[in-house]
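In: Sharing a sequence plus its predicted fold:
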Amino acid sequence: MTVTVCRLNRQEAEAHLDGLAETLALAVQGGAGVGFILPFTAMDARAWWAAQLPDVANGARILFGAIEHGRLVGTVSLLPASPQNQPHRADIGKMLVHPDARRKGVGEALLAAAEVEARRIGRSVLVLDTVTGSAAERLYRRIGWQVVGSIPNYALNPSGGYDSTTVMWKAL
């Protein structure tokens, strides 16, 4: 598999809007706890991503895409913390891999790119939350993320039931 991971500026994100939308919609439809409830369509996902474009443009959301043969197959966002007392921290958000590209190292490559950028902009601590027991949690643990703890019934999953959430961190 030949996948290139790169930071996407606003124009590049707009050019890949359909791929971002498809990847997000398929993740939600597959049960991923990433903030949305079913029914959730590619059109809903496209609207959500379009609303994120100003933050991509101003750096509040540093967006990475995994591109294979010109097609976006994964994404992750680095969200630098904004409080004055946390200039060393950033969050990881919307780590998504298209079902066709899963279990091929795309997620790990996306996270590695986000870590490189976090270091470049002076961040030394990353944080995220993920559904407890998910494939994503297993990936994060495998690449060195530490568990803070788990919060029962933290969020609704796409079907409307409750999911526990594991909070994790990684020192860079």
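Out: Great, that's in hand.

In: what residue ranges in this structure score low on pLDDT?
Out: Applying pLDDT under 70 to the chain flags the ranges 1.

In: Now the lengthiest helix in the chain: buried residues?
Out: Criterion DSSP state H: the longest helix present in the chain is helix 42-58. Judged by neighbour count (16 or more other C-beta atoms under 10 Å), helix 42-58 contains these buried residues: 42, 45-46, 48-49, 52-53, 56. Any C-beta I mention is one placed from the backbone N, CA and C, and that applies to glycine too.

In: Can you give me the neighbour number for N153?
Out: 10 (other C-beta atoms under 10 Å).

In: and what of the one 10 residues further on?
Out: Close neighbours of D163, defined as other C-beta under 10 Å, add up to 21.

In: quick one: the helices in the protein?
Out: Going by DSSP H, the chain shows helices at 10-15, 17-29, 42-58, 106-120, 135-142.

In: Contacts for the first one, please.
Out: If I follow you right, that is helix 10-15. Helix 10-15 has contacts (C-beta atoms under 8 Å, 6 or more residues apart in numbering) with 6, 20, 49, 52-53, 56-57, 63, 65.

In: cool, the second one as well?
Out: With C-beta under 8 Å, 6+ apart as the contact definition, helix 17-29 has outside contacts at 13, 34, 36, 38, 40-46, 48-50, 65, 71-75, 94, 96-99, 158.

In: try the last one
Out: Contacts with helix 135-142, where a contact means C-beta under 8 Å, 6+ apart, come from 32, 95, 102, 107-108, 111, 128, 130-131, 147, 166, 168.

In: Kindly indicate which of these lies nearest L79.
Out: L128 (9.7 Å; C-beta to C-beta).
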